[in-house]
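A.B. asks: structural data only, the sequence is not supplied:
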């Protein structure tokens, strides 16, 4: 839910579950601060305050929070209803398009974007044992390299402007997805398929991650990244999508419930990014967007192989993975991506000025050299012909 108001006192009737609150001033700079809260549905009050000097929201002292909570009755009627903000200001629905249909869609979309986030995940990633969890644009991600945009932002901010934290996701960007102790075909499989790596991290006694825990981290990285402009979280999201979710080819067979939930979340994120964000995370000029397109093409092929191999023995959970991917495919169509059509390998392309040039695309060469097209080692006779073949001329 998002809207524009001149004076904002707060929100009431917040439904149970995770919620992310962030406020930005129309004239503020690039830094944004937000808070995750876990609403219980009971008579629970969350108090945040606006920092006029830095133009961000922050957590008040315990005394101030207690004082504001005790005086809630005096301003309760001024709070914005969660399910219908236009009740406070009839101009909201005109300016921000907050029709009841839109509000219902946004509520369902938020559940798809954040449904697996819980208090345990917030404590593990953000490292704050409180009732709300603060994040901001300058927060780092453990195991990630500083990108140019982050370093430029650091230089532009005054010292002690914000106390940046290091967010700790369970799948660091600098971690190897295979063990050096594994050799031969097993090592090749581990290096090209992230399934064993994902399962090993989940089964680590120090982490003991559930399916929802893994999905929640994908949801956290996306929400913090796109709404606060946190480049580290955006890179963490790309890492999880390209290196884990769409590289875990055996996950639909071995952990189908997890695979389906990850794909359902990715579908929601692609839909939300393309339809509701001012700046989509899928910048066509960024290499990651092209990598995503290719990764989806390959994942579709591998998923079809897995499901065809299972045949009639496929469980409903395994078949649900195919249904989840179909939603991603429909979002890809909206982006102009064809995932199952003929892919141009070599041929002529007409440029904008009418000139024709020869092109050769090697992006899927490794994928093409699998199955019946995989290269083989064969024996040749003294004339250079392959042995074990029937010749009708000899």
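C.D. replies: Cool, the structure landed. Because the structure is predicted, anything quoted here is derived from the model rather than measured.
A.B. asks: what about residue 18, how many neighbours?
C.D. replies: Counted with other C-beta atoms under 10 Å, the neighbours of residue 18 add up to 24. Bear in mind the C-beta positions are built from the backbone N, C-alpha and C, glycine included.
A.B. asks: if you could redo that for residue 69, that was the one I meant.
C.D. replies: For residue 69, using other C-beta under 10 Å, the count is 12.
A.B. asks: tell me which residues touch it, please.
C.D. replies: By C-beta atoms under 8 Å, 6 or more residues apart in numbering, the contact set of residue 69 is 45, 47.
A.B. asks: distance from the chain centre to the helix or strand hosting it, please.
C.D. replies: Taking DSSP states H and E as the criterion, residue 69 maps to helix 62-70. Its chain's C-alpha centre and that of helix 62-70 lie 36 Å apart, by C-alpha atoms, centre = their mean, to the nearest Å.
A.B. asks: also stretch 60-75?
C.D. replies: With C-alpha atoms, centre = their mean, you get 36 Å for stretch 60-75.
A.B. asks: which residue ranges of this protein form strands?
C.D. replies: Counting by DSSP state E, the chain has strands at residues 11-12, 17-23, 33-39, 49-51, 56-58, 80-81, 132-136, 140-141, 166-167, 346-350, 356-360.
A.B. asks: run through the neighbouring helices and strands of the first one.
C.D. replies: Counting by 3 or more C-beta pairs under 8 Å, 6 or more residues apart in numbering; DSSP states H and E, the packing neighbours recorded for strand 11-12 are strand 80-81.
A.B. asks: paired strands for the strand it packs on, with orientation please.
C.D. replies: strand 11-12 (parallel) (DSSP bridges).
A.B. asks: mean confidence for the partner strand?
C.D. replies: Mean pLDDT, computed over strand 11-12, is 86.
A.B. asks: and stretch 204-224, by the same measure?
C.D. replies: Mean predicted lDDT for stretch 204-224 stands at 96.
A.B. asks: pretty sure residue 215 sits against residue 263.
C.D. replies: No: the criterion here is C-beta atoms under 8 Å, and residue 215 misses it with residue 263 at 10.0 Å.
A.B. asks: let's have the strands of the chain in a markdown table, adding distance to residue 225.
C.D. replies: Written out in a markdown table, the entries for those read as follows (distance: least, C-beta to C-beta, whole Å):
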| stretch | distance to residue 225 |
| --- | --- |
| strand 11-12 | 23 |
| strand 17-23 | 12 |
| strand 33-39 | 11 |
| strand 49-51 | 23 |
| strand 56-58 | 18 |
| strand 80-81 | 26 |
| strand 132-136 | 10 |
| strand 140-141 | 10 |
| strand 166-167 | 11 |
| strand 346-350 | 34 |
| strand 356-360 | 34 |
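A.B. asks: so which of those strands comes closest to residue 238?
C.D. replies: strand 140-141 (11.5 Å; C-beta to C-beta).
A.B. asks: counting contacts, what elements does that closest one pack onto?
C.D. replies: Packed against strand 140-141 by the contact rule (3+ C-beta pairs under 8 Å, 6+ apart) you find strand 166-167, helix 231-239.
A.B. asks: and the last one, what does it pack onto?
C.D. replies: Meaning helix 231-239. strand 140-141, helix 148-156, strand 166-167, helix 211-228.
A.B. asks: looking at the ones you listed, which is buried most?
C.D. replies: helix 211-228 (a mean of 23; mean count of other C-beta atoms under 10 Å).
A.B. asks: quick one: low-confidence residue ranges for the stretch 101-250 of the chain.
C.D. replies: Residue ranges of the stretch 101-250 of the chain with pLDDT under 70: 129, 146-163, 179-187.
A.B. asks: want to throw the helices and strands packed on strand 140-141 into a markdown table with distance to residue 77?
C.D. replies: Converted to a markdown table, these look like this (distance: least, C-beta to C-beta, whole Å):
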| stretch | distance to residue 77 |
| --- | --- |
| strand 166-167 | 38 |
| helix 231-239 | 37 |
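A.B. asks: re the thing from before, format the helices and strands packed on helix 231-239 as JSON lines; extra columns: distance to residue 382.
C.D. replies: Formatted as JSON lines, those follow (distance: least, C-beta to C-beta, whole Å):
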{"stretch": "strand 140-141", "distance to residue 382": "61"}
{"stretch": "helix 148-156", "distance to residue 382": "60"}
{"stretch": "strand 166-167", "distance to residue 382": "65"}
{"stretch": "helix 211-228", "distance to residue 382": "57"}
